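> Predicted model and sequence below, questions to follow.
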Amino acid sequence: MSGGQVPAGADGREARLHLPFRSVRGRRVATTVAIAQGLVFALLAFGLPSREGFQLAWYDRVGFLAVAAAVGWVLSRFALVAAVPAQGGLAVRNLTTRRDLEWAQVVDVRFGDGDPWVTLDLSDGDTLAVMAIQRADGAHGRAEASRLATLVALHSRTERDD
């Protein structure tokens, strides 16, 4: 599935419907924390003053930087969560997995009051979380859930539409 291609001949409204889904708050928080922790660990690695009998060895400095890199990588996974609609279906990238779905596989879009993110009911009886659309985003999250439901309805429409 290609990355977010809009159907040929799509008008402006339909083109906007096919924009990628991304969390707003989750991405901001993950990016901010990744930068802040990177700065703190770099400061610890290179900024700790030497005192009597205490000096960081080179491997201690490398250790600080390795921890910063590991934490940064984990936080980047939160920042990169997305769902990308295309003509043929939806590519859902969560923290550790990516799943490509055809529109026909998506039976329903659920975003219940207690759910932290959208859940797709799939034709094989399975469910799939779409972490790119989160309750923490408030009205934006609800609007994005509605947009996804509209896309599913648009792409699953048949001539009889039953």
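All right, it came through fine.
> Quick check: which ranges of the chain have low pLDDT?
Within the chain, the segments meeting pLDDT under 70 span 1-12, 157-162.
> Output the longest strand along the chain as PDB, restricted to C-alpha atoms.
Among the segments of the chain that qualify as a strand by DSSP state E, the longest is strand 127-134. Taking Å, rounded to 0.1, in the frame of the first residue of the first chain, the C-alpha atoms of strand 127-134 are listed here in PDB:
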ATOM      1  CA  THR A 127      -9.700  -6.000  16.800                       C
ATOM      2  CA  LEU A 128      -6.900  -3.500  16.200                       C
ATOM      3  CA  ALA A 129      -6.000  -0.400  18.200                       C
ATOM      4  CA  VAL A 130      -5.300   2.700  16.300                       C
ATOM      5  CA  MET A 131      -3.000   4.600  18.700                       C
ATOM      6  CA  ALA A 132      -2.800   7.500  16.300                       C
ATOM      7  CA  ILE A 133      -6.300   8.700  17.400                       C
ATOM      8  CA  GLN A 134      -6.300   9.200  21.100                       C
END
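> Could I get the buried residue list for that strand?
By neighbour count on 16 or more other CB atoms under 10 Å, the buried set for strand 127-134 is 128, 129, 130, 131, 132, 133, 134. C-beta here means a position set from N, CA and C on the backbone, and glycine is covered the same way.
> any idea which of these is closest to residue 24?
residue 134 (8.2 Å; CB to CB).
> between the buried residues of strand 127-134, which is closest to residue 56?
Nearest to residue 56 among these: residue 131, at 38.1 Å, using CB to CB.
> I'd assumed residue 77 was in contact with the closest one.
No - using CB atoms under 8 Å, residue 131 makes no contact with residue 77, being 10.1 Å away.
> Quick check: neighbours shared by those two?
Counting by CB atoms under 8 Å, 6 or more residues apart in numbering, the shared contacts of residue 131 and residue 77 are residue 95.
> Wait, a strand at residue 13?
No - using DSSP: H, G, I helix; E, B strand; the rest coil, the secondary structure at residue 13 is helix, not a strand.
> quick one on the thing from earlier: show me what the longest strand of the chain is packed up against.
Packed against strand 127-134 by the contact rule (3 or more CB pairs under 8 Å, 6 or more residues apart in numbering; DSSP states H and E) you find strand 21-22, helix 25-47, strand 82-85, strand 89-93, strand 117-122, helix 139-156.
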